[in-house]
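Undergrad: Quick one: sequence and predicted model below, then my questions.
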Amino acid sequence: MGLKMFLDSKNVLIPIGAMILGGLLGHLIGLQAAMEALGEWAKRQLGSDSGTFQEAFVTTSILYCVGPMTLLGCLEDGLEGKVRLLGLKSLLDGVSSFFFSAALGVGALLSAGTVFIVQTPLTLGARAIRGLAEKPHILSEITGSGGLILVAIGLRLLEVKKLPTADFLPALLFAGIAGSIFLKHTRKT
């Protein structure tokens with residue numbers, strides 16, 4: 001799924017460049033460390049002894065927040081008052097959270113709080129970002145970067161490579177900015 005999202009990009013250099021810049025910025029501001037600290041705090045508060053509690057929390061939080069259904073669903077809800085996409089996303093996230101909980105522990109269930117914290121401002125601020133929904137080129141670059149983040153999550157879950165996936169989240173912003181610049185440049189030529 002992540003590779004498909006990445007390949008939907010109009011210019012694959014944008015998501016790759018966004019991942020590099022986003023990963024650097026995320027590392028400098030300590031996103032992965034902050035997510036892990038939050039997971040550790042929640043683990044202590046709940047008295048969990050699961051060794052994978054933090055990994056479950058961080059992985060599922062990112063997974064449920066970077067997909068295209070998050071942004072599109074929030075836009076659809078905020079602009080049109082339709083919850084069709086968010087409802088479908090909630091169903092898919094809910095079902096997968098049971099599997100993640102079975103495999104990694106109850107930390108996966110706490111990602112519901114992260115989803116709430118991410119989706120609420122997006123839905124409420126949808127009117128401010130209305131133009132994004134009308135520019136599929138920009139959205140395809142953001143989706144491409146989200147796809148690369150999903151690939152990083154997959155590599156982490158398969159224990160192929162432990163990448164700091166939360167550090168890559170600023171890539172979504174950089175991809176949107178670069179996609180906007182690329183769109184303006186292609187219109188001029």
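TA: Everything's here; your move.

Undergrad: Leaving out sequence neighbours, find the closest residue to the residue nearest the centre of the chain.
TA: Within the chain, the residue whose C-alpha comes closest to the C-alpha centroid is V66; the distance, by CA atoms, centre = their mean, is 1.7 Å. Nearest residue to V66 in three dimensions, chain neighbours excluded: G146, at 4.3 Å (CB to CB, 6 or more residues apart in numbering). Heads up, the C-betas are built off the backbone N, CA and C, glycines and all.

Undergrad: isn't the one you found right up against L172?
TA: Yes. Taking contacts as CB atoms under 8 Å, G146 lies within contact range of L172: 6.3 Å.

Undergrad: what do those two both touch?
TA: Residues touching both G146 and L172 by CB atoms under 8 Å, 6 or more residues apart in numbering: V66.

Undergrad: So L79 versus S96, what's the distance?
TA: Note on L79: its distance to S96, by CB to CB, to the nearest Å, is 27 Å.

Undergrad: What about the residue nearest to V66, how many residues nearby?
TA: For G146, the neighbour count with other CB atoms under 10 Å is 26.

Undergrad: host element of it?
TA: Element membership for G146 (DSSP states H and E) is helix 136-157.

Undergrad: Can you dump the C-alpha atoms of that helix in CSV for me?
TA: Once non-C-alpha atoms are left out, helix 136-157 reads as follows in CSV (Å, rounded to 0.1, in the frame of the first residue of the first chain):
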residue,chain,number,x,y,z
PRO,A,136,-4.9,16.9,-6.6
HIS,A,137,-1.3,17.4,-7.7
ILE,A,138,-0.3,18.7,-4.3
LEU,A,139,-2.3,16.0,-2.6
SER,A,140,-0.6,13.3,-4.6
GLU,A,141,2.8,14.5,-3.4
ILE,A,142,1.6,14.5,0.2
THR,A,143,0.2,11.0,-0.3
GLY,A,144,3.5,9.9,-1.9
SER,A,145,5.4,11.0,1.2
GLY,A,146,2.8,9.3,3.4
GLY,A,147,3.4,6.1,1.4
LEU,A,148,7.1,6.3,2.1
ILE,A,149,6.3,6.7,5.8
LEU,A,150,4.1,3.6,5.6
VAL,A,151,7.0,1.7,3.9
ALA,A,152,9.2,2.7,6.9
ILE,A,153,6.6,1.5,9.3
GLY,A,154,6.4,-1.8,7.4
LEU,A,155,10.2,-2.2,7.6
ARG,A,156,10.1,-1.5,11.3
LEU,A,157,7.3,-4.0,11.9
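
Undergrad: Which other helices and strands does it contact?
TA: Judged by 3 or more CB pairs under 8 Å, 6 or more residues apart in numbering; DSSP states H and E, helix 136-157 is in contact with helix 2-7, helix 13-29, helix 53-66, helix 68-80, helix 130-133, helix 170-188.

Undergrad: so which of those helices comes closest to I117?
TA: Of all the helices and strands packed on helix 136-157, it is helix 53-66 that lies closest to I117, at 8.9 Å by CB to CB.

Undergrad: Many thanks, have a good one.
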